[in-house]
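Peer 1: Return atomic coordinates for the entry below.
(2 chains)
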Amino acid sequence: MPTETLAGRREAVQLGAPGPERRAERRRFPLRRSARSRQARAAWVLAAPFLALFAAFMLLPLAWSLFMGLSDTQSADLRTPLAVSFIGFDNYVRLFQDDQFITALRNTAVFVLVCLPLTLACGLIAAVALDGGIRRFRAVFRVGFYLPVITSIVAVAVVWKTLLDPHSGLVNTVLAWFGIQGPAWLADTRFALPVMIVMAVWRNLGTVMIIMLAGLQSIPDSLKEAAELDGAGPWQRFWRVTFPLLRPALLLTAVTTGIGYLQFFDEPFVMTGGGPLDSTLSATMYAYKQFGNGNYGVASAAGYVVFVLIVALTVLQFRVLREKE
Amino acid sequence: MTILAIVRTSHGDTDRARRRRRRVRRTWGHPWLYLPLAGALLLMVAPFLWMLSGSFKPEADIRAVPPVLIPSEPTVANYQQLFSKLDFASMFTNSVVVSLAITAGNLLFCSMLGYALAKLEFRGQRALFTVVIATLMVPGLVTFVPMYVLVANLKLTGSLLGLFLPFLAGPFGVFLMRQFISTLPDELIDAARVDGCRELAIFWRIVLPLTKPALATLGIISFLGSWNSFLWPLVVAQNEDQYTLPVGLALASSGQDFTRFGVLLAGSVIVLLPVMIVFLLFQRHFVAGIATTGLK
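Peer 2: Numbering: from 1, shown residues only, chains lettered A, B, ... in the order given. This is a model prediction of the structure:
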């Protein structure tokens, strides 16, 4: 209330009063402008170190990579990266004529389409169970579920390889108790990609869980209690009250996890190298192999294809999951 | 809350068993949930139990069919070999240096830009924020090749600097810090301005101390990410004295010179230990920081 009257008075002064007030107004303006320019200067000073690094290690490589994708850059050009010839979209044409790249795209698509919903669902279930389901030992479960997230992929690979060993591995031993003869998981074209999917869910559901937990904790209990008093059952309370309020958290995790999953790389790189018979070869894996073979132009083009796919998926997710007005 | 309690008790619920059930629920939640959750937890941590037990196993136990969970004769020989054979001490130091540099860089540079984007007025502010955030979608491999060419031409492939310089400031940190600082009251900054505090001092003395939860979150994420990163150091590190832990472990396990599985598992434990300690120490701030930043 008092601020309102204050504002009203100031307005009256500005509009109606002649003479001294107007002079004061004139004096105030340049002052405010200098304050603003001081602020702008401070902003650029604060931004400068980030921008220098950002320009050198993000914007420059990004533009350069676009250029490389349109040129015939090879590893031999490493020391003279600008002395290459421009070949237009030849690299992209070559990519889409290469069966191996098509396979890589297909594997990436399968991986994202299966793994993304699975990870989100598992993370959400874990978060809901830990938030409202149990009261004791929450920290134990939280740390346990989050442990794979903080583990180096190299360490993960070492352990999973021993676990999946066809003869002395724990997985096939347990399966044998139930009379099932487990396959050679990583050497079988039917099982290698599903193993990658299970690994990725295992490695990432902790991230989803933590963000969802934060989202759940930001929902006031009074809302759920009000719904309970109105006679809503637990199922209804979740879908009608909790879930809609979780939408921003869900969007955030769906977008970040999707961005990560389209770059599907770590698991095949450390576990299978893209094999057997390209059954776990992903688009970024393909790009990396082209880089290893010295075809920097093709590698950059393949990277840009993934970039475009990520932008498309992100836009799609914002469309689908954004709150409806 | 009190009204609710009254409503609940006024239901005329005198049944003792029901009251006890309610008490159980208040302290434990839903008791039947513990069993499936414990099962899930076992599945999630089984690889870690395997890692830990394997790191203390003598070689005979590791290839045993059927596998044994508890080592028959626990031994620390694997850990000893790690240090005698693989020069793990120097890799450990490198990992610490690289991770701390990346963490410090991100904390400082991202909070600086985050503050400018959240609270200062300048031309191009929105455009700058949009560009920085858009680069979150850039796949690592797109910038990987030119970054390698750049770092190679700057002659940085032979030093630790090449391992951390490109990662000192990332877009994610800017997003996180900007979101968090936006939630701080403007009046606080205006008041400092009125009191004659300089712009940079406002950032350093007033804003930064208030962003501790976000800094904890960003610090943990940066540290975890850089500690575990291995593709860039694998490609850029040329001499053994620049290897970080994941690189050393990856090369040892890729079988160029045969390393025993027990030693690799011991190495995995050593790689995991520091990040686990960091996470356990800061996990409360971590969750709190995500709650205030990620969801707005």
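Peer 1: what about the closest residue to chain B within the stretch 1-150 of chain A, how many neighbours?
Peer 2: Of all residues in the stretch 1-150 of chain A, A:Ala42 sits closest to chain B, at 3.4 Å by C-beta to the nearest C-beta. Every C-beta, even on glycine, is put in place using the N, C-alpha and C of the backbone. Look at A:Ala42: counted by other C-beta atoms under 10 Å in any protein chain shown, it has 20 neighbours.
Peer 1: contacting residues for the closest residue to it other than its chain neighbours?
Peer 2: In space, and not counting its chain neighbours, A:Ala42 is closest to B:Glu199: 3.4 Å by C-beta to C-beta, 6 or more residues apart in numbering or on different chains. Contacts for B:Glu199 (C-beta atoms under 8 Å, 6 or more residues apart in numbering or on different chains) come out as A:Arg38, A:Gln39, A:Arg41, A:Ala42, B:Leu120, B:Arg193.
Peer 1: So how do I select the buried members of the residues you listed in PyMOL?
Peer 2: Selection of buried members from the contacts of B:Glu199 for PyMOL, criterion 16 or more other C-beta atoms under 10 Å in any protein chain shown:
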select buried, (chain A and resi 39+42) or (chain B and resi 120)
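Peer 1: Show me the two of the contacts of B:Glu199 that sit farthest apart.
Peer 2: Spatial extent of those (C-beta to C-beta) is set by the pair A:Arg41 and B:Arg193 at 14.2 Å.
Peer 1: is chain A contacted by stretch B:141-151?
Peer 2: Yes: for stretch B:141-151, a contact with chain A is found by C-beta under 8 Å from any C-beta of the partner chain, at B:Leu141, B:Val142, B:Thr143, B:Phe144, B:Val145, B:Pro146, B:Met147, B:Val149, B:Leu150.
Peer 1: And for the third one, the neighbour number?
Peer 2: By the criterion of other C-beta under 10 Å, B:Thr143 has 24 neighbours.
Peer 1: Equivalent analysis for the first one, please.
Peer 2: By the other C-beta under 10 Å criterion, the neighbourhood of B:Leu141 contains 26 residues.
Peer 1: What of the fifth one?
Peer 2: Around B:Val145 sit 26 other residues, with neighbours defined as other C-beta under 10 Å.
Peer 1: pLDDT value on it, please?
Peer 2: Listed pLDDT for B:Val145 reads 83.
Peer 1: following the strand or helix carrying it, which helix or strand shows up next?
Peer 2: Taking DSSP states H and E as the criterion, the element that holds B:Val145 is helix B:140-153. Moving toward the C-terminus from helix B:140-153, the next helix or strand (DSSP H and E) is helix B:161-164.
Peer 1: Give the next helix or strand downstream of that next one.
Peer 2: Note on helix B:161-164: by DSSP H and E, the next helix or strand toward the C-terminus is helix B:171-182.
Peer 1: and that next one, which residues are buried?
Peer 2: Buried residues in helix B:171-182, counted by 16+ other C-beta under 10 Å: B:Pro171, B:Phe172, B:Gly173, B:Val174, B:Phe175, B:Leu176, B:Met177, B:Arg178, B:Gln179, B:Phe180, B:Ile181.
Peer 1: Tell me how far the last one lies from B:Ala201.
Peer 2: Here the distance between B:Ile181 and B:Ala201 works out to 16 Å (C-beta to C-beta, to the nearest Å).
Peer 1: Repeat that for the first one.
Peer 2: Using C-beta to C-beta, we find B:Pro171 at a distance of 27 Å from B:Ala201.
Peer 1: The fourth one too?
Peer 2: Distance check for B:Val174 against B:Ala201: by C-beta to C-beta, it reads 22 Å.
Peer 1: Spit out the contact partners of the closest residue to A:Asn91 other than its chain neighbours.
Peer 2: Once flanking residues are discounted, A:Asn91 sits nearest to A:Ala301: 3.9 Å by C-beta to C-beta, 6+ apart. Counting by C-beta under 8 Å, 6+ apart, A:Ala301 makes contact with A:Gly69, A:Leu70, A:Asn91, A:Tyr92, A:Arg94, A:Leu95.
Peer 1: Would you mark the buried spots in the helix or strand harbouring A:Ala301?
Peer 2: In this structure, A:Ala301 sits in helix A:296-321 according to DSSP H and E. Of all the residues in helix A:296-321, those buried under the rule 16+ other C-beta under 10 Å are A:296-307, A:309-310, A:313-314, A:317.
Peer 1: what do you get for stretch A:239-251?
Peer 2: Within stretch A:239-251, the residues scored as buried using 16+ other C-beta under 10 Å are A:Val241, A:Thr242, A:Leu245, A:Leu246, A:Pro248, A:Ala249, A:Leu250, A:Leu251.
Peer 1: Tell me which helix or strand the closest residue to the first one other than its chain neighbours sits in.
Peer 2: So the one you mean is A:Val241. Of all residues not flanking A:Val241 in the chain, A:Ala227 sits nearest, at 4.9 Å (C-beta to C-beta, 6+ apart). Per DSSP H and E: A:Ala227 is located in helix A:221-229.
Peer 1: What average pLDDT does that helix get?
Peer 2: Averaging pLDDT along helix A:221-229 yields 83.
Peer 1: for it, packing partners?
Peer 2: Applying 3 or more C-beta pairs under 8 Å, 6 or more residues apart in numbering or on different chains; DSSP states H and E, one finds that helix A:221-229 contacts helix B:2-9.
Peer 1: can you do 10 Å?
Peer 2: Judged by 3 or more C-beta pairs under 10 Å, 6 or more residues apart in numbering or on different chains; DSSP states H and E, the packing partners of helix A:221-229 are helix A:234-236, helix B:2-9.
Peer 1: mean pLDDT for those helices: which is lowest?
Peer 2: Lowest mean pLDDT within the helices and strands packed on helix A:221-229: helix B:2-9, a mean of 46.
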